[in-house]
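Visitor: can't give you the sequence, but here's the structure:
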């Protein structure tokens, strides 16, 4: 019979197993080993899980009930070390990917459109903003260290476990505002991130100073202990706890401050104060309370309103295997030159299904797989390929040269099977905005964050469906006749 103290270990094992399966599936689909960045992120995530185990199992947990400073060490390990490692590890897609497709679709539709979950979506949008995340994480830290609340958690195992869960969850929520944690994107300028982490650090410092300089023990559960390991007095134990929070608790934030200043001072001037992308549905809905809901909602954020409407001539076929948009809306205009110099206009393809996606040739993750699967679907359509047009739009105008695009498409047997559209940043920015594609270009890492989805447009020119990046060619083959008929 599973007991409450064993639950954290079980959850860590489940997360580890899902992540291993997800990483393996990604390597198989990409047909090559994971990139160096992906391997570093994986190592960071596994290190975060290891820290969780160290904090909640073994000597640390055993001594946390008799020594306040050990209990404080437990909190610091979860909030200030495990949480940033997990955020930096960006495990969300790898954990989500191995789940059954039917389950993913059901969860995604519920999270994105269910009226009953509207409060959850509101909560996700609110906590996904940097400043509410800072306030909530700071308040969570302070509340759990109020003596009455602290002692109550010690007396009730379930409440104590909830405390640890909130330290990890809100800690991750805080740190993904400063790290790129795909598919979530850091939304603060480099300089602001330094002030942001310092603001949270100030809260930790103040709390640690209260513990270190209090004239009497603050927590009855520890003050009333008859014996303590090492013969420490209750007040000395509390002072050491304050030192643990002040020193080790500030370690991650201090390292980030130096790292952030280094990046900010070394970045080009326009990268220090980037013009923020307008908030899109994708950005606003990516952060919900559960990380699985995070991944699910990311792919459905372009769905717009979830209100229903009566069936009309524009009604979308319910058999589509992608994620159906209700109600469908007219596809935004799109007119750019492809990599051969030919002008391509979306409106000229009325009467045919159109698949629109946004890629870049140096992408280490999903873009190669999306291009390969779209090309594979077109091959499998055979004569039916005449009924679909595939369009890719660059999100990296500087490096996506005609030569780079030609090599990228040829390597995936996609040359001649899709129009890869190019342009200047000034030409592309309105297109990204119209199609709700949040684009964040990191000049230091030479990577581009963007929405990894494929839009399905009907023959009547209406956006009807979106496909997450792990779609299969069979789904496209199934849906093309339905889109071409609409």
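Guide: Good, I have the coordinates. Everything quoted here is computed from the prediction, not taken from an experiment.

Visitor: quick check: domain ranges of the protein?
Guide: 4-272, 309-484 (automatic domain parsing).

Visitor: how about JSON lines for the ones you listed, with mean neighbour count and mean pLDDT added?
Guide: Bear in mind the C-beta positions are built from the backbone N, C-alpha and C, glycine included. JSON lines is the format used below for the domains of the chain (neighbours: other CB atoms under 10 Å; pLDDT from 0 to 100):
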{"stretch": "domain 4-272", "mean neighbour count": "17", "mean pLDDT": "86"}
{"stretch": "domain 309-484", "mean neighbour count": "18", "mean pLDDT": "85"}
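
Visitor: isn't residue 381 right up against residue 388?
Guide: Yes: taking contacts as CB atoms under 8 Å, residue 381 lies within contact range of residue 388: 6.8 Å.

Visitor: Identify the contacts common to these two.
Guide: Common neighbours of residue 381 and residue 388, counting by CB atoms under 8 Å, 6 or more residues apart in numbering, are residue 480.

Visitor: Now do the contacts for residue 417.
Guide: 374-375, 378-379, 390, 409.

Visitor: Could you rerun that using 6 Å?
Guide: For residue 417, the contact set (CB atoms under 6 Å, 6 or more residues apart in numbering) comprises 375, 378.

Visitor: Am I right that it sits in a strand?
Guide: No: assessed with DSSP: H, G, I helix; E, B strand; the rest coil, residue 417 is coil; it does not lie in a strand.

Visitor: and residue 478, how far is that from residue 471?
Guide: Counting by CB to CB, to the nearest Å, the separation of residue 478 from residue 471 is 11 Å.

Visitor: Residue 69 contacts residue 242, correct?
Guide: No: taking contacts as CB atoms under 6 Å, residue 69 lies outside contact range of residue 242: 8.5 Å.

Visitor: Show me the helices in the stretch 351-486 of the chain, by range?
Guide: Ranges of helices in the stretch 351-486 of the chain, per DSSP state H, counting those that start in this stretch, are 366-381, 402-411, 425-434, 473-484.

Visitor: Now those in CSV, please, with extra columns for distance to residue 455.
Guide: CSV is the format used below for those (distance: least, CB to CB, whole Å):
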stretch, distance to residue 455
helix 366-381, 12
helix 402-411, 19
helix 425-434, 11
helix 473-484, 10
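
Visitor: closest to residue 188 out of these?
Guide: With distances scored as CB to CB, the stretch of the helices of the stretch 351-486 of the chain nearest to residue 188 is helix 425-434 (19.9 Å).

Visitor: what does that closest one contact?
Guide: Here helix 425-434 makes contact (CB under 6 Å, 6+ apart) with 332, 397, 439.

Visitor: how about 7 Å then?
Guide: With CB atoms under 7 Å, 6 or more residues apart in numbering as the contact definition, helix 425-434 has outside contacts at 278, 332, 334, 336, 393-394, 397, 439.

Visitor: now do stretch 245-260
Guide: The contact list for stretch 245-260, computed with CB under 7 Å, 6+ apart, reads 72, 76, 80-81, 84, 178, 190, 193-194, 197-198, 200-201, 204-205, 207-208, 211-212.

Visitor: mind running it again at 8 Å?
Guide: 72-73, 75-76, 79-81, 84, 178, 190-191, 193-194, 197-198, 200-201, 204-205, 207-209, 211-212.

Visitor: go on, stretch 332-349?
Guide: With contact meaning CB under 8 Å, 6+ apart, stretch 332-349 is reached by 331, 354, 356, 389, 391, 393, 402, 405-406, 419-423, 427-428, 431, 434-435, 457, 461.

Visitor: Among the contacts of stretch 245-260, which lie within helices?
Guide: Among these, DSSP state H puts 72-73, 75-76, 84, 190-191, 193-194, 197-198, 200-201, 204-205, 207-209, 211-212 in helices.

Visitor: sorry, back to before: can you check which of the helices of the stretch 351-486 of the chain gets nearest to residue 108?
Guide: Closest approach to residue 108 among these is made by helix 473-484 (14.2 Å; CB to CB).

Visitor: what's the offset of the closest one from the middle of its chain?
Guide: Between the centre of helix 473-484 and the centre of its host chain there is 28 Å, according to CA atoms, centre = their mean, to the nearest Å.

Visitor: now, among the contacts of helix 425-434, which is nearest to residue 52?
Guide: Set against residue 52, the nearest of these by CB to CB is residue 439 (33.7 Å).

Visitor: Wait, the closest one touches residue 395, no?
Guide: Yes: Residue 439 sits in contact with residue 395 when judged by CB under 8 Å, with a separation of 4.9 Å.

Visitor: which one in this protein is furthest away from the centre?
Guide: The centre of the chain is farthest from one residue, residue 226, which by CA atoms, centre = their mean lies 47.3 Å away.

Visitor: Which helix or strand contains that residue?
Guide: Here residue 226 sits in a region with no helix or strand, counting by DSSP states H and E.

Visitor: Residue numbering should commence at 17 henceforth.
Guide: Renumbered: residue one is now 17, and that last one reads residue 242.

Visitor: Check the gap between it and residue 82 for me.
Guide: Residue 242 sits 10 Å away from residue 82, going by CB to CB.

Visitor: for residue 277, same thing?
Guide: 41 Å.

Visitor: residues in contact with stretch 56-65?
Guide: With contact meaning CB under 8 Å, 6+ apart, stretch 56-65 is reached by 28, 31-32, 35, 39, 50, 97-102, 104-107, 110.

Visitor: rerun at 6 Å
Guide: By CB under 6 Å, 6+ apart, the list of residues contacting stretch 56-65 from outside reads 28, 32, 98, 101-102, 104-107.
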